[in-house]
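**Q** Quick one, what's the 3D model for this:
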Amino acid sequence: MQALQPGATLHNGKYTIIQILGQGSFGITYLATTKIMMQGSIGRMEMEVKVAIKEFYMSDLNSRSADGNTLEKTDSLLVKKYARKFHTEAENLSKLHHPNIVKVLEVFDENNTSYYVMEYIEGETLDNYIKRNGRIGEAEARLIALDICSALRHMHDNHMLHLDLKPKNVMRDHNGKYTLIDFGLAKQYNENGEPESSTSLGLGTRGYAPVEQMKYKSDGTMPATLDIYALGATIFKMLTGKVPPESSDVLNEGLPVRLLQEAGVSQNMIAIVEKAMAPLKRNRYQQVGELVDALTTNVGPATEAMAEQHSEETAVEHEGPKVETPPYTPVTPPPYNPVTPPPYNPVSPPPYNQETPPVYYDEEEPSFLQKYWKYGVAALLLLLILGGVLLFSGSKDKNDEEAREQDLIATDKNHDGDEKTGEAADTAGNTENTDETALKEAKDQAPKAAEDAKKTAKKAAEDAPKEAKKAAEDVKKAAEDAKKPVEKEKKAVEDNNIYDVAEQMPQFTGGDLISWIRSHINYPPAARENGTHGTVIVKVVIEKNGSISNVTVTRGKDPSLDKEAVRVVKSMPRWKPGKNKGNPVRVYYTIPVPFTL
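**A** The predicted model follows:
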């Protein structure tokens with residue numbers, strides 16, 4: 001006997017077991033009843049209400065004692081390990097308070113095991129609702145997805161992942177309200193993004209778990225992209241009525257967009273599903289808020305009408321519990337007739353146009369030779385000239401000496417020659433004397449000239465680095481001065497640019513956005529008396545400091561409602577600004593403001 005039998009009681013008789021609702025490898029879920037005191041118009045009265053109780057029970061390792069209630073004690077370290085995990089997760093879940101998350105009412109230990117008590121939701125799963133209707137229209141699917149987004153964002157804000165999101169784990173009650181249930185694989189993360197337990201992540205369900213979930217290793221972040229993929233797959237199931245393909249098939253063959261197109265899904269919605277189910281996690285929406293932004297942009301008239309109806313249906317949650325619930329009579333919905341919204345055509349800002357500044361190639365420091373080669377060439381030429389003078393002088397000395405010897409021989413042989421020959425000899429003698437004088441002067445001046453040239457070259461070499469350095473500094477300064485106006489103009493353009501989509505979208509800091517709006521609305525009396533209601537769509541700019549500006553109503557309902565919507569939006573606390581490359585940027589953001597009677 002594995003399960004508690006009908007009629008068994010828990011927590012000192014507080015809860016009575018009715019039947020089994022479900023059983024898995026790590027626990028059994030029961031339907032039970034308990035009595036509560038209600039304050040009514042005729043005073044206090046006791047009522048019996050239904051609850052769901054989950055018991056930690058590992059079917060392969062645990063067993064019950066003879067009384068049918070108590071679990072046999074075990075020395076299994078595995079059982080003890082998962083028992084601690086079960087109890088910790090139950091306590092974490094009890095801290096979640098959100099209208100679209102099943103409420104954990106109590107956690108207690110008994111019968112050598114742990115239990116947690118949850119609210120019991122009467123209705124059907126989203127999976128059964130899809131099967132009953134074949135598929136769900138795009139407008140209604142958007143609203144259901146937004147309810148799930150709201151629940152997931154609350155979980156993620158509390159550092160918790162669901163890890164097994166799918167239509168079977170979403171309940172739809174008789175009023176059309178959707179609630180996230182079954183947190184058997186949920187995992188809590190600490191402030192540093194590390195899992196609080198050493199157990200591996202659950203494998204999830206085929207078709208709804210991304211490829212990395214099976215082998216996920218902690219990298220210091222809380223991988224919200226795991227739940228985002230599962231939500232994208234859930235939207236796929238709602239829109240097509242078909243089980244989404246396994247993530248490995250999406251990776252290798254791509255998402256079967258044809259099924260979405262055949263179901264009449266708009267291109268805008270197809271793009272949302274493709275991005276949410278991107279095989280590579282870096283290509284998905286990184287935060288739930290980004291997916292909310294996509295779902296609330298360009299929603300079209302069909303979704304707007306559904307939003308009004310949805311607001312009216314879910315208003316009951318703010319009126320408190322009712323003592324009596326009328327019997328549920330299912331109403332067959334009208335045949336699906338999708339209204340395809342106009343294609344998304346964003347208006348891109350004009351391209352930034354500027355004159356190209358001059359380019360200065362000063363990135364690499366030139367070598368010494370590159371800087372001062374001119375001075376070296378000048379010095380080398382000077383030395384070559386001086387060497388040529390000295391060489392010419394030496395050659396002339398030798399030639400003159402040979403000439404004198406020939407003249408003497410000629411004089412000896414022709415001493416009887418005519419006067420003309422004598423005169424020629426005298427002339428040669430005079431020339432010899434002149435050349436000797438010039439040679440002597442050249443020899444005396446050459447060392448001095450060489451020394452002067454050496455000094456000049458040395459001084460030029462010493463002055464060259466200073467002059468070259470000064471010239472380089474002048475060029476660099478001119479380049480910087482030329483760039484400053486361009487950079488200043490470019491920065492001014494970037495500061496004023498407003499992005500439709502940022503790498504990291506703005507995030508609301510006041511908790512759940514819709515819940516905050518509803519709690520701060522002052523419903524205009526005249527509109528309430530006239531029964532005026534609906535959802536006002538407001539478009540704003542989230543500034544780089546998180547403040548709100550450029551508040552405009554893009555789709556209004558009534559002047560008084562529009563005015564109140566603008567007031568509520570302007571009164572919001574500062575947001576966490578959007579970022580591109582880690583730097584804050586200005587981002588457009590669409591905010592729905594529901595007015596519900």
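**Q** and residue 51, what is it in contact with?
**A** Contacts were defined as C-beta atoms under 8 Å, 6 or more residues apart in numbering; by that measure residue 51 touches 15, 31, 32, 33, 34, 105, 117, 118, 119, 120. No exception for glycine: its C-beta is placed from N, CA and C like everyone else's.
**Q** Low-confidence regions, the stretch 1-150 of the chain specifically.
**A** Applying pLDDT under 70 to the stretch 1-150 of the chain flags the ranges 1, 40-41.
**Q** Would you map the strands across it?
**A** All strands of the stretch 1-150 of the chain, identified by DSSP state E, counting those that start in this stretch, fall at 9-10, 15-23, 27-40, 43-56, 104-110, 113-119, 123-125.
**Q** Return the most buried member of these.
**A** Stretch with highest mean neighbour count among the strands of the stretch 1-150 of the chain: strand 113-119 (a mean of 21; mean count of other C-beta atoms under 10 Å).
**Q** quick one, that strand and strand 27-40 angle?
**A** 50 degrees (axes from the mean of the first three to the mean of the last three C-alpha atoms, to 10 degrees).
**Q** where along the chain do the helices fall?
**A** Secondary structure of the chain by DSSP state H: the helices cover 77-94, 126-133, 138-157, 225-240, 247-253, 257-262, 267-276, 288-295, 300-314, 368-413, 419-496, 513-520, 525-529, 559-570.
**Q** worst average pLDDT in those helices?
**A** Note on these: helix 300-314 shows the lowest mean pLDDT, a mean of 51.
**Q** Can you tell me how far residue 553 is from residue 593?
**A** 9 Å (C-beta to C-beta, to the nearest Å).
**Q** what do those two both touch?
**A** 536, 537, 538, 565.
**Q** Hmm, residue 563 and the third one touching each other?
**A** Put plainly, it is residue 538. No. Residue 538 is not in contact with residue 563 according to C-beta atoms under 8 Å; the separation is 11.2 Å.
**Q** anything in contact with each of those two?
**A** Taking C-beta under 8 Å, 6+ apart as the criterion, residue 538 and residue 563 do not both touch any residue.
**Q** Of these two, which one has the most company?
**A** Shown here are residue 538 and residue 563; by other C-beta atoms under 10 Å, residue 538 has more neighbours (24 against 14).
**Q** Surely residue 222 touches residue 163?
**A** No. Using C-beta under 8 Å as the test, residue 222 is too far from residue 163 to be in contact (11.4 Å).
**Q** Nearest to residue 465 among the strands of the stretch 1-150 of the chain would be which one?
**A** Residue 465 lies closest to strand 104-110 among the strands of the stretch 1-150 of the chain, at 78.2 Å (C-beta to C-beta).
**Q** Given that closest one, what are its sheet partners and their directions?
**A** strand 113-119 (antiparallel) (DSSP bridges).
**Q** what does the partner strand rub up against?
**A** The contact list for strand 113-119, computed with C-beta under 8 Å, 6+ apart, reads 10-11, 15, 32, 34, 51-57, 62, 71, 83, 86-87, 90, 93-94, 102-109, 181.
**Q** which of residue 553 and residue 593 has more neighbours?
**A** residue 593 (24 against 18).
**Q** so who does the more buried one touch?
**A** 517, 521, 535, 536, 537, 538, 564, 565, 568, 569.
**Q** could you dump those to CSV with distance to residue 584?
**A** Below are the contacts of residue 593 laid out as CSV (distance: C-beta to C-beta, whole Å):
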residue, distance to residue 584
517, 24
521, 29
535, 29
536, 28
537, 25
538, 22
564, 30
565, 26
568, 24
569, 20
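**Q** Just flag the most distant two among these.
**A** Farthest pair in the contacts of residue 593, by C-beta to C-beta: 521 and 537, 14.9 Å.
**Q** The nearest residue to residue 21 once chain neighbours are set aside and residue 55, how far apart?
**A** Distance criterion C-beta to C-beta, 6 or more residues apart in numbering; nearest residue to residue 21, sequence neighbours excluded, is residue 29 at 4.5 Å. For residue 29, the distance to residue 55 equals 8 Å [C-beta to C-beta].
**Q** ok, now residue 237?
**A** 30 Å.
**Q** cool, and residue 583?
**A** Going from residue 583 to residue 55 by C-beta to C-beta gives 51 Å.
**Q** Tell me how far residue 297 lies from residue 462.
**A** In terms of C-beta to C-beta, residue 297 sits 70 Å off from residue 462.
**Q** and if you look at residue 169?
**A** 84 Å.
**Q** same deal with residue 277?
**A** As judged by C-beta to C-beta, residue 277 and residue 462 stand 72 Å apart.
**Q** Compare these two (neighbour count), which wins?
**A** A count of neighbours by other C-beta under 10 Å puts residue 277 above the other of residue 277 and residue 462, at 24 against 10.
**Q** Name the nearest residue to that one, sequence neighbours excluded.
**A** residue 232 (4.0 Å).
**Q** any idea how far residue 152 lies from residue 146?
**A** From residue 152 to residue 146 the distance is 11 Å (C-beta to C-beta).
**Q** Likewise for residue 566?
**A** 22 Å.
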